[in-house]
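Chemist: prediction below, plus the sequence it came from.
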Amino acid sequence: MDGNALIGILYYTFMYYLPAMTANATPVFIRRGRPIDARKTFVDGRRILGDGKTYEGLIVGTYFGITVILAYVIIAGNISYFYWGIPSVIGALLGDMLGSFIKRRLDIPRGGKAFLLDQLDFFFGATIGIIIGGVLLDIYVILCGLIIIVALHVITNRIAYELKLKDVPW
Ligand code: CTP
Ligand code: MG
């Protein structure tokens, strides 16, 4: 693979996944909101989603995710970015909720660690959203997104640990 091909893959990876990454990252500023599951429990007696999934988080994530797409539309002068961008943002937020649903079923508490599931739940939702939006995503772009997102989490958590913002380096 030559350098230009790699740069092309990186370019498309960031272009396609930035709205979803934004939608996934911005709800973290919501400390206390109204839980989507209304504090209800599932048939196994554990919370359906838990306190980490709130309506306020969905609103914040949707707002900032769509802001990124709007920037694309304005810069390119082309509204077609909305077609895959909006489903990617919705997909990311739904994927993140599905991840929490699975974690609760595995008896992992809100905020408890589930390596790969924590990093990739939104990514799978976003990928499905982009494809539903009519984009034939290149397999290398999907793989590149997967690697970058896991690497970004490991690096940012390490930095937060070194800065003593977190107690554990993961
Ligand atoms: N958040 C929110 N609403 C959402 C998604 C996220 O309010 N729909 C906020 C919550 O404060 C959450 C934080 O963003 O704690 C980080 O999100 P995430 O890592 O997905 O939640 P966790 O706290 O790790 O909970 P879970 O174990 O369910 O993943
Ligand atoms: Mg989490």
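Modeler: Arrived safely, thanks for sending. Ligands and ions are numbered 1, 2, ... in the order given.

Chemist: could you use CA atoms for every contact and neighbour count after this?
Modeler: Fine.

Chemist: so K113 sits in a helix?
Modeler: No. K113 is assigned coil when assessed by DSSP: H, G, I helix; E, B strand; the rest coil, not a helix.

Chemist: what's the burial count for it?
Modeler: 12 (other CA atoms under 10 Å).

Chemist: distance of it relative to ligand 1?
Modeler: 7 Å (CA to the nearest ligand atom, to the nearest Å).

Chemist: now V135
Modeler: Distance, V135 to ligand 1, by CA to the nearest ligand atom: 25 Å.

Chemist: so which elements touch the one helix or strand A92 maps to?
Modeler: Per DSSP states H and E, A92 falls inside helix 81-105. Helix 81-105 sits against helix 3-25, helix 55-76, helix 117-132, with contacts defined as 3 or more CA pairs under 8 Å, 6 or more residues apart in numbering; DSSP states H and E.

Chemist: hmm, that helix touching ligand 1?
Modeler: Yes. With CA under 6 Å from any ligand atom as the criterion, ligand 1 is reached by helix 81-105 at 96, 100.

Chemist: neighbours around M21, how many?
Modeler: M21 has 22 nearby residues by other CA under 10 Å.

Chemist: enumerate every residue touching it.
Modeler: For M21, the contact set (CA atoms under 8 Å, 6 or more residues apart in numbering) comprises 65, 92, 123.

Chemist: one step back: out of the helices and strands packed on helix 81-105, which comes closest to ligand 1?
Modeler: Closest to ligand 1 of those is helix 55-76 (CA to the nearest ligand atom; 3.3 Å).

Chemist: let me see the mean pLDDT of that closest one.
Modeler: Average pLDDT, helix 55-76: 98.

Chemist: list the contacts of it.
Modeler: 18-28, 30, 33-36, 79-82, 85-86, 89-90, 93.

Chemist: residues of the chain that sit close to ligand 1?
Modeler: Contact residues, the chain versus ligand 1 (CA under 6 Å from any ligand atom): 27-28, 30-31, 50, 52-54, 56-58, 96, 100, 109-112.

Chemist: mind giving me the PyMOL command for buried ones among those residues?
Modeler: Burial among these is assessed by 16 or more other CA atoms under 10 Å; the matching PyMOL selection reads:
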select buried, resi 27+50+52+53+54+56+57+58+96+100+109
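
Chemist: just to revisit the earlier point, among the helices and strands packed on helix 81-105, which is the most enclosed?
Modeler: Among those, helix 117-132 has the highest mean neighbour count (mean count of other CA atoms under 10 Å), at a mean of 22.

Chemist: following that helix, which helix or strand comes up?
Modeler: Where DSSP H and E defines the elements, the next helix or strand beyond helix 117-132 is helix 139-162.
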